[in-house]
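**Q** Build the 3D model from these lines:
(one chain, ligands or ions: 2)
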Amino acid sequence: MITMKDIVREGNPVLTQVAKEVELPPTEEEKNTLEEMLQFLKNSQDEEIATKYDLRAGVGLAAPQIGISKRMIAVHFRDFDDKEYSYGLFNPKIISHSVAETYLSGGEGCLSVDREVPGYVPRYQKVTIKATDLEGNEVKLKLRGYAAIVFQHEIDHLNGVMFYDRINRQDPFAVPENAKPCD
Ligand SMILES: O=CN(O)CCNC(=O)c1cccc(Cl)c1Cl
Ligand code: NI
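**A** Ligands and ions are numbered 1, 2, ... in the order given. Coordinates of the predicted model:
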């Protein structure tokens, strides 16, 4: 099982590289890895398991965060309307997005960053994502709000972008124009 010792921390170059496309169909090993990433998220959100294995909670995970520079992400969370998102995805791609931006008023955190980095992280309010899921189906997801934010945080990891790269250096709490808080 994946535990915190498997999570790569900032300073490791794998976090700032552009991850490689997964050649489809994925190998058994790539499918197992993605399944383990999804299981890690579920474990990290389970009070008992998280306490037992000292897991920090996460709603998403990207393969570079476990040292694998491949375009694979897992997400497991409920959005503010209580809709559940639980996916292991290969080669996720933002195929369209809104001009309007959004951000979480509490900022963002990252398992690969062992420190608080305060500030708003502006992201597209709406995104359409295309990807291949664990069963090999092509999925097209129209996301907005919190779900859009989480998927963008993960896809950023595949492009070597950390959430704090998007925080305004002059004024971390500057609200970008045409941006509304997500929460
Ligand atoms: O890349 C994934 N992680 O680092 C897992 C830990 N961070 C979170 O769960 C998290 C927390 C707040 C906002 C967002 Cl958008 C995310 Cl994703
Ligand atoms: Ni992260």
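**Q** Quickly find the element holding Phe90.
**A** For Phe90, the enclosing helix or strand under DSSP states H and E is strand 84-97.
**Q** Next: Ile149.
**A** With elements delineated by DSSP H and E, Ile149 resides in helix 145-158, which encompasses its position.
**Q** For the helix or strand following that helix, buried residues please.
**A** Secondary structure here is assigned by DSSP H and E; on that basis, the next helix or strand after helix 145-158 toward the C-terminus is strand 179-181. Of the residues in strand 179-181, those scored as buried under the neighbour-count criterion (16 or more other Cβ atoms under 10 Å) are Ala179. C-beta here means a position set from N, CA and C on the backbone, and glycine is covered the same way.
**Q** What is strand 179-181 packed up against?
**A** Using 3 or more Cβ pairs under 8 Å, 6 or more residues apart in numbering; DSSP states H and E as the contact criterion, the elements in contact with strand 179-181 are strand 101-103.
**Q** Show me what the strand it packs on is in contact with.
**A** Residues outside strand 101-103 that contact it (Cβ atoms under 8 Å, 6 or more residues apart in numbering) are 120-125, 145, 148-149, 175-176, 178-182.
**Q** And these, which two are furthest apart?
**A** Comparing all pairs in these by Cβ to Cβ, the longest separation belongs to Ala148 and Val175, at 17.4 Å.
**Q** more neighbours, the two?
**A** Summary of the neighbour comparison: Ala148 and Val175, criterion other Cβ atoms under 10 Å, with Ala148 having more neighbours (25 against 15).
**Q** who in the protein is up against ligand 1?
**A** If contact is defined as Cβ under 6 Å from any ligand atom, the residues of the chain in contact with ligand 1 are 58-62, 65, 104, 108-112, 149-150, 153-154, 157.
**Q** is it true that Ile73 lies in a strand?
**A** Yes: assigned with DSSP: H, G, I helix; E, B strand; the rest coil, Ile73 falls within a strand.
**Q** Go ahead and confirm it touches Glu154.
**A** Yes: in this structure, Ile73 sits in contact with Glu154. The criterion is Cβ atoms under 8 Å, and the distance is 4.1 Å.
**Q** Touching both of these two, which residues are there?
**A** Shared contacts of Ile73 and Glu154 (Cβ under 8 Å, 6+ apart): Gly60, Leu61, Ala62, Pro92.
**Q** Now do the last one against ligand 1, distance only.
**A** When Cβ to the nearest ligand atom, to the nearest Å is applied, the distance between Pro92 and ligand 1 equals 13 Å.
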